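Student: what's the 3D shape of this:
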Amino acid sequence: MFTKIIVAFLSIFLVACNDKDNADQQDCSETACTLNFVTITVSVKDASGEAIALDSYEVIDTETGKNIAEEFKGEEYKYLKEQGFYPILSDANRVQYQNSTATLTFKGVIDNEEVINETYEVGADCCHVSLITGNTEIVLE
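Tutor: Sure thing, here's the model as predicted:
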């Protein structure tokens, strides 16, 4: 009887002492995801609601210093910018941010002057990126 209690206690102890890093990492190998492609965007408008075209913008990963806005190319992103929408993160970056969070800084420039400097907390699960905190509707005066 005493042996069974000790074995039970040791079993519970071993399970409880499992490496927490492994517990935080979700196994995505058998996850079923939707076919939606998620892009987190920021809307930039003036006080009257008109879209503002920035001369340039950056999305800096504060941990790495990398400008991930350089990855947003193509006709779909050109159309978004014309409408005053600027992508800050997409499912193309999902693996990089999977099962973690990151801080991104969105910087917008007009006439060589920085007019926007906003911070965003983002993350990703096995399927899609997500916005945790941050202002996605910027109004410039």
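Student: name the SS class of Thr64, please.
Tutor: Using DSSP: H, G, I helix; E, B strand; the rest coil, the structure places Thr64 in coil.
Student: how close does it get to Ala102?
Tutor: 9 Å (CB to CB, to the nearest Å). Every C-beta, even on glycine, is put in place using the N, C-alpha and C of the backbone.
Student: likewise for Gly134?
Tutor: 12 Å.
Student: what about Thr64 and Ala102, which has more around it?
Tutor: Ala102 (20 against 10; other CB atoms under 10 Å).
Student: surely the more buried one meets Val122?
Tutor: Yes: taking CB atoms under 8 Å as the definition, Ala102 is a contact partner of Val122 at 5.6 Å.
Student: I'd say Asp111 and Leu54 touch.
Tutor: No: with contacts counted by CB under 8 Å, Asp111 stays clear of Leu54, the gap being 10.3 Å.
Student: so between the two, which is more surrounded?
Tutor: Leu54 (16 against 6).
Student: chain neighbours aside, what residue packs nearest to that one?
Tutor: Leaving aside its chain neighbours, Leu54 sits nearest to Gly108 (4.4 Å; criterion: CB to CB, 6 or more residues apart in numbering).
Student: next up, the contacts around that neighbour.
Tutor: With contact taken as CB atoms under 8 Å, 6 or more residues apart in numbering, Gly108 is in contact with Val44, Leu54, Ser56, Tyr57, Tyr86, Glu114, Val115, Ile116, Ile138.
Student: look up how far Asp61 lies from it.
Tutor: Relative to Asp61, and taking CB to CB, Gly108 is found at 17 Å.
Student: strands along the chain, start to end?
Tutor: 39-46, 56-61, 85-90, 100-110, 113-124, 129-133, 137-140 (DSSP state E).
Student: tell me the buried residues in the fifth one?
Tutor: The neighbour-count criterion (16 or more other CB atoms under 10 Å) identifies Val115, Ile116, Glu118, Tyr120, Val122, Gly123, Ala124 as the buried residues of strand 113-124.
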